[in-house]
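Asks: Structure for the following, please:
(2 chains)
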Amino acid sequence: MKNPYQPQKFEKKWQEYWERNKTYRSKNISGFKNKEKQYVLAMFPYPSGAGLHVGHVRNYTGTDVLARFFRMSGRVVLHPMGWDAFGLPAENAAVKAKVNPMDMVPGHIETFKKQMKSLGFSYDWDREFATIEPKYYRFTQWLFIQFFKMGLLYKRNAPINYCPKCKTGLAEEEVLADGTHERCGHKIVKKDLPQWIFRITEYAERLLSDLEGLDWPEGILAMQRNWIGKKEGINIDYKIVDGEVRHRDFLSTSPPKGGSPKSLTKNQVSSLPAIDTITCFTTRPDTNFGATFIVVAPEHPFVKKIIGGELKSKEADVKKIREYVEKAASKSEMERQAEGRKKTGVFTGFYAVNNLNGRKMPIWVSDFALMNFGTGAVVGVPGHDIRDFEFAHEFGIEVIRVVKGKDGDVSSITKVEQVQEEEGTMINSGFLDGMDIHKATVKVMDWFEEKGDGKRVVSYHLRDWIFSRQRYWGEPIPMVYCEKCAKEGKSYFDTEEGKRFVNENSNIIGGRVDEVKEGLKGWFPLSEKDLPLELPYLKSYEPPESGESPLSQVEDFVKTKCPNCGSEAKRETDTMPNWAGSCWYFLAFPFWNKDVDSARPIFATRESHPASQGHLESEKTVHASLSKRVSSSPNMSMKDEWLANKNLSEDWTPVDWYLGGAEHAVLHLLYSRFWVKVLYDMRLLDFKEPFLRLRNQGMVLAEDHRKMSKSFGNVINPDDVVKEYGADALRVYEMFMAPFNAEIPWSTKALQGSFRFVKRVWEIFDGYRSKESTVEVKEDKKLVSKLNKIVKKITSDIPQIKFNTPIASMMEFMNDWEVSNRKNSAQSLTVENAKKFLKVLAPFAPFIAEEVWQEVFKEKESIHLSSWPEVGSISADEEVAIPVQVNGKYRATLTVPFEKADNKDEIEKLALADERVKRYIEGKKHKTVYVKSKIINFVVLKD
RNA sequence: GGGUGAGUGCUGGAAUGGCAUACAGGUUAGUCUCAAAAACUAAUGGUCUUUACGACCGUGAGGGUUCGACUCCCUCCUCACCCACCA
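Replies: Just a heads-up that it's a prediction; the model follows:
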């Protein structure tokens, strides 16, 4: 008789039904402007061999609940899924498995896809793609070329972070604080290699200011601001003199060991025989009267001049300086870390002259000055900067107080604890004396600028973005280097096309062309008709020891003709980082459609890339693979193609809801924002920010509160959970376990609660199964009123990304419903109201909802395409509970009909009649506070 | 050092100015069973007393605002995450 809950019996059926009926296809791309659109996107996964993690499940379920809710609410929803399939992790896994990633990754994608389908995520699978499909990266490469033409890419030898284990260069961001590679944990070393570098710093200001309008978590915004690191300050030029300078009043004997040199007059300073100048960046020029030394980074050009012998000083120990610089270069982050804040350094033998007071300040080299921030030179004010004090203290440099401390403290500073970094009043500072530090800052900046010794500047922490990877598994960079053209000093920007491009885009690159050209002699982008430049199928693709890309070993790949002069030339052999594919994938979903191009292979399969038997692929097959073009419109320029796609996408973009882990707080989100801004500038997009709302999901830890990891043996496989409890129970549990953004350990025990809930849902709806056409119903008005309340709550909670509380309220409702049914010995809800409950459950538990909808209630169209229930109005005969307080302390509860709630006098009378209230009030003066339908409070007044 | 967030039963958590501990897990007792599991029922913050429509205490600590504070403000403590020799 009883029909037990067996999700395994029907989940597969509905999976296939949804797929067959394309239930979740995003409807007709145009003509929905009257309806609010919602582009709901989860950060697409890198399909690892391990399959879906329960953390993925949490993220995708939340996103799915949101998409389903919007879909039922009559919004036009785009909810796609794709694969971030290029990149190091896949390549490393393939190396380990001794296969080509091309042979391995598709299998992983299939696994992921199967798992996602088993969990009932409502993706429009027609829009699926992987970043490794030539048809997709054809555009990735084209975009690279556009950025190149925009002058936003340059090629330079750069000391890059190099992982000896992965044999590849890394971006700064991929190196952990302890100096190890984030992927493999190996120690990073520095290596000089030619790199393609993005001028992302050109966009620093806009990347910062456009954060303003975004509905993102405060923490992520703060991290982006912090990463961009805007600082407003001043660059001050100091004249450099050597120890030989013995001006009349400029007598300092042995400066490194302190002493108190006499000041020069302004005229004397300006007449000094300076041998050079050095520029220091500072945000605190107000303290400059207290500056007593200067520190330059080991990589600073001034130091190179000394080592190179260009600058000579009797006081300089060049050997010692050279040793220090070499040591600093070889020092790993780890070693630096180990040293802590202990200051090291060497005197350069030169002095800078403090413009303000003529003080002769020794110039030191120290690794605490960083070449990549400010100017690479710091002016040391030991009295008012802890780090400067530590340095001065270590080497016996004089400390001067120029700001009064708390309580007017003007004592001399001899200990770190006394260093005064806070606000205060200026002293010992000539024309600044008596001002507060902010006034003094403005005043002294004006002074420097007037004299021409300084210039207000803005400095950013953001560095240019190293884009080359010396690896196999990435999009080949579509550039060619021609030695002949290089010798002739020609670059792309000297070609007819290049000139035309610059002309057309002069508003953006105009003024910079000469600077941009300089480093790019001999470099030409591939012609559009040669895109995509496919990644050849290589049997052996491990990076050579040289650190160069594996593609550099494939002669047939390297050898090509110069697109400019036609002579022998070489291809770029570096590949793009996996950020490339993820930088614009959200732009592709809106126009990507398998229906339009059903014959399109997921990506170049093995059949199209027969592997050679040898170490490297044979000439013939490389050639074959390179000549195989995936071009959909041979007569259309790619720009026109892009614009056509853009027209298709316009109604969808930008992304309304972007859900994913906080680990992408800086990199992926910053890079995507950067690309979108450039595309906007090129008029290839109409919006400036890709993701309007961002929400983070918290990590799912293992039951032992550690990260899930194979090596700990604490991994929960979602497939096992689905097999035992069904997808709905897993989905409900992952939404119920904690607030969406909270980190939370997995608990199989707690999962039981959600499983029981789903089972009870099944049982209660089973009561509506009947051979006869009618089921006995005795409607429970109170229950209906409760139903209205939870529908209202769920409707407002879901768009606030609150998924745990809707489930709690549904559980609560189930408890009441069961009790009511039992009391009634009949159904307490009409079929209509039962369906209402089923609908609000549907986004969370789509399988059981569909099964009941179609099998019990005999509906013909999917519940997921039905409309979200209206929140019913509260009927007059409903009752409200009003708590009664005396002096703010709860004493009793009144239950009154809804219509009476308006009547304060009556409520008060009723409350005062209650024994529990009476005893505190009787015979005492009181006043009454009544908040309608909420609470009544009696305040006993003292006489 | 900087930034962001958080501190509520045995556990995950709910309540964002109005009945603190909803909902779920766990535990205890009971029903059913030869037994176990499942399921169901009940209890479950602390202290006290005259043991009930009972009192008092109770949301990291202390203070404030308010008729009323987990919620708002101030001071402090603790934890987590991110960044960090950033001039």
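Asks: and residue A:351, helix, strand or coil?
Replies: Using DSSP: H, G, I helix; E, B strand; the rest coil, the structure places residue A:351 in strand.
Asks: Bridged to the closest residue to it other than its chain neighbours, which residues?
Replies: Counting by CB to CB, 6 or more residues apart in numbering, residue A:351 lies nearest to residue A:360, which is 4.6 Å off, once chain neighbours are set aside. Every residue, glycine included, has its C-beta placed from N, CA and C. Applying DSSP bridges to residue A:360 gives these bridge partners: residue A:353.
Asks: Surely residue A:360 and residue A:315 touch.
Replies: No. Residue A:360 is beyond contact range of residue A:315, at 11.9 Å (criterion: CB atoms under 8 Å).
Asks: before we move on, back to that, can you count the residues close to the residue nearest to residue A:351?
Replies: Neighbourhood size, residue A:360 [other CB atoms under 10 Å]: 22.
Asks: distance of it from residue A:291?
Replies: Going from residue A:360 to residue A:291 by CB to CB, to the nearest Å gives 11 Å.
Asks: Give me the common contacts of the two.
Replies: Any residue near both residue A:360 and residue A:291 by CB atoms under 8 Å, 6 or more residues apart in numbering counts here, and that gives residue A:354.
Asks: In terms of pLDDT, where does the closest residue to residue A:163 other than its chain neighbours sit?
Replies: Nearest non-adjacent residue to residue A:163, counting by CB to CB, 6+ apart: residue A:181, 4.4 Å away. Note on residue A:181: pLDDT of 71.
Asks: How many neighbouring residues does residue A:181 have?
Replies: 21.
Asks: For the residue of the stretch 501-650 of chain A found nearest RNA strand B, give me its contacts.
Replies: The nearest approach of the stretch 501-650 of chain A to RNA strand B comes at residue A:579, 15.6 Å away (CB to the nearest atom of the strand). With contact taken as CB under 8 Å, 6+ apart, residue A:579 is in contact with A:667, A:668, A:671.
Asks: longest helix in chain A, by residue count?
Replies: As assigned by DSSP state H, the longest helix anywhere in chain A is helix A:804-824.
Asks: Show me what that helix is packed up against.
Replies: Where contact means 3 or more CB pairs under 8 Å, 6 or more residues apart in numbering; DSSP states H and E, helix A:804-824 is packed against helix A:727-736, helix A:748-766, helix A:781-797, helix A:831-841.
Asks: Just give me how far the first one sits from the chain centre.
Replies: In this case it means helix A:727-736. Computed by CA atoms, centre = their mean, to the nearest Å, the chain-centroid distance of helix A:727-736 equals 27 Å.
Asks: which parts of the stretch 651-800 of chain A sit against RNA strand B?
Replies: Selection of the stretch 651-800 of chain A residues close to RNA strand B by CB under 7 Å from any atom of the strand yields A:662, A:665-666, A:736-739, A:742-744, A:747, A:749-750, A:752-754, A:756-757, A:759-760.
Asks: How about the stretch 801-943 of chain A: which residue is closest to RNA strand B?
Replies: Using CB to the nearest atom of the strand, residue A:888 is the residue of the stretch 801-943 of chain A that sits closest to RNA strand B, at 2.7 Å.
Asks: Assess the claim that that residue and residue A:937 are in contact.
Replies: Yes. Residue A:888 is in contact with residue A:937 according to CB under 8 Å; the separation is 6.3 Å.
Asks: who's more crowded, these two?
Replies: Between residue A:888 and residue A:937, counted using other CB under 10 Å, residue A:937 has the larger neighbour count: 20 against 10.
Asks: Show me what that one is bridged to.
Replies: Beta-bridge partners, per DSSP bridges, of residue A:937: residue A:885, residue A:929.
Asks: Let me know whether it touches residue A:889 as I believe.
Replies: No. Using CB under 8 Å, residue A:937 makes no contact with residue A:889, being 9.1 Å away.
Asks: circling back to that earlier point, give me phi/psi at the residue of the stretch 501-650 of chain A closest to RNA strand B?
Replies: Main-chain dihedrals, residue A:579, degrees, to the nearest 10: phi -60, psi -30.
Asks: what separates it from residue A:483, distance-wise?
Replies: Per CB to CB, residue A:579 is found 30 Å from residue A:483.
Asks: now do residue A:38
Replies: Counting by CB to CB, the separation of residue A:38 from residue A:483 is 53 Å.
Asks: picking up where we left off before, pLDDT at the residue of the stretch 501-650 of chain A closest to RNA strand B, what is it?
Replies: 93.
Asks: what do you get for residue A:910?
Replies: 85.
Asks: which residue packs closest to it, ignoring adjacent ones?
Replies: Leaving aside its sequence neighbours, residue A:910 sits nearest to residue A:894 (CB to CB, 6+ apart; 5.6 Å).
Asks: Just the residues contacting stretch A:881-901, thanks.
Replies: Taking CB under 8 Å, 6+ apart as the criterion, the residues outside stretch A:881-901 that touch it are A:874-880, A:906-907, A:910-911, A:914, A:916-917, A:920-921, A:932-940.
Asks: Ends of that stretch, what's the gap?
Replies: With CA to CA, to the nearest Å applied, stretch A:881-901 spans 9 Å between its terminal residues.
Asks: quick one: contacts for the residue of the stretch 651-800 of chain A found nearest RNA strand B?
Replies: Per CB to the nearest atom of the strand, residue A:753 is where the stretch 651-800 of chain A lies closest to RNA strand B, at 2.4 Å. With contact taken as CB under 8 Å, 6+ apart, residue A:753 is in contact with A:733, A:736.
Asks: what does residue A:567 give?
Replies: Going by CB under 8 Å, 6+ apart, residue A:567 touches A:482, A:484, A:561.
Asks: can I get those residues in a markdown table with secondary structure, pLDDT and distance to RNA strand B?
Replies: Shown next, in a markdown table, are the contacts of residue A:567 (DSSP: H, G, I helix; E, B strand; the rest coil; pLDDT from 0 to 100; distance: CB to the nearest atom of the strand, whole Å):
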| residue | secondary structure | pLDDT | distance to RNA strand B |
| --- | --- | --- | --- |
| A:482 | coil | 95 | 38 |
| A:484 | helix | 95 | 41 |
| A:561 | strand | 93 | 44 |
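Asks: Out of these, which end up buried?
Replies: residue A:482 (16 or more other CB atoms under 10 Å).
Asks: how about CSV for the contacts of residue A:567, with distance to residue A:548 added?
Replies: Output for the contacts of residue A:567, formatted as CSV (distance: CB to CB, whole Å):
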residue, distance to residue A:548
A:482, 19
A:484, 22
A:561, 22
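Asks: closest to residue A:329 among the contacts of residue A:567?
Replies: The closest of the contacts of residue A:567 to residue A:329 turns out to be residue A:482 (CB to CB; 33.4 Å).
Asks: what's the spacing between residue A:330 and RNA strand B?
Replies: Separation of residue A:330 from RNA strand B (CB to the nearest atom of the strand, to the nearest Å) stands at 14 Å.
Asks: try residue A:76
Replies: Distance from residue A:76 to RNA strand B, counting by CB to the nearest atom of the strand: 29 Å.
Asks: repeat for residue A:70
Replies: 21 Å.
Asks: neighbouring contacts of stretch A:307-327?
Replies: For stretch A:307-327, contacts defined as CB under 8 Å, 6+ apart pick out A:242-244, A:275-276, A:298-299, A:302-303, A:305-306, A:344-350, A:365.
Asks: again, only this time at 7 Å
Replies: Contacting residues not belonging to stretch A:307-327 are listed as A:242-244, A:275-276, A:298, A:303, A:305-306, A:346, A:348-350, A:365 [CB atoms under 7 Å, 6 or more residues apart in numbering].
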